[in-house]
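K.L.:
Need coordinates for the below:
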Amino acid sequence: MIVFDSLTQNSQTPELERESMNHSEFAELMKARTKAFAVQIVYFYRTLPRTEVARVLGRQMLRSGTSVAANYRAVCRATSQAEFISKMGTVVEEADETLLWLELMQETQTCVSDELTSVKLESDELLRIFSSALATAKAG
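P.N.:
Residues are numbered from 1 along each chain as shown. Just a heads-up that it's a prediction; the model follows:
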């Protein structure tokens, strides 16, 4: 299936794991991973301090972070390369935006916790995976 080629070629998934999976298995793995990320975002949001800054940044993070999973599901339903590229672009934008809100929370000391570090790391990894997939899809 052409729409998943770019995900398996350049993702951060270990080489042996990628080689043992077909396209649909990898897509299901990423669906589960993005859903787990959305759950992690929701739980993290609940731990934020009750301040106006945390509320504003947190709601933005909550919206974009949960959107990564929803939009990745749309990627998996793409019926053409052009649709795949378009939808993957949205996933990349939402993952990047989520990372921005997390960085702002950290840099403004709105929230300082190990959980912030963990969520930020996963956001960055997902952004790298999906950016690589998008670049590969655009290349060919």
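K.L.:
mind listing what's buried in stretch 69-79?
P.N.:
By 16 or more other C-beta atoms under 10 Å, the buried positions in stretch 69-79 come out as 69, 71, 72, 75, 76, 78. Placement of C-beta: from N, CA and C, glycine included.
K.L.:
Just name the closest of those to residue 126, please.
P.N.:
residue 72 (8.8 Å; C-beta to C-beta).
K.L.:
Can you lay out the buried residues of stretch 69-79 as CSV showing distance to residue 37, pLDDT and secondary structure?
P.N.:
Output for the buried residues of stretch 69-79, formatted as CSV (distance: C-beta to C-beta, whole Å; pLDDT from 0 to 100; DSSP: H, G, I helix; E, B strand; the rest coil):
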residue, distance to residue 37, pLDDT, secondary structure
69, 7, 98, helix
71, 12, 98, helix
72, 10, 98, helix
75, 15, 97, helix
76, 15, 96, helix
78, 20, 96, coil
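K.L.:
I'd like these as a markdown table, with distance to residue 50 appended.
P.N.:
Formatted as a markdown table, these follow (distance: C-beta to C-beta, whole Å):
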| residue | distance to residue 50 |
| --- | --- |
| 69 | 26 |
| 71 | 30 |
| 72 | 31 |
| 75 | 36 |
| 76 | 37 |
| 78 | 41 |
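K.L.:
Can you pick out the most distant pair from these?
P.N.:
69 and 78 (15.7 Å).
K.L.:
Below-threshold pLDDT in this protein: ranges please.
P.N.:
1-19 (pLDDT under 70).
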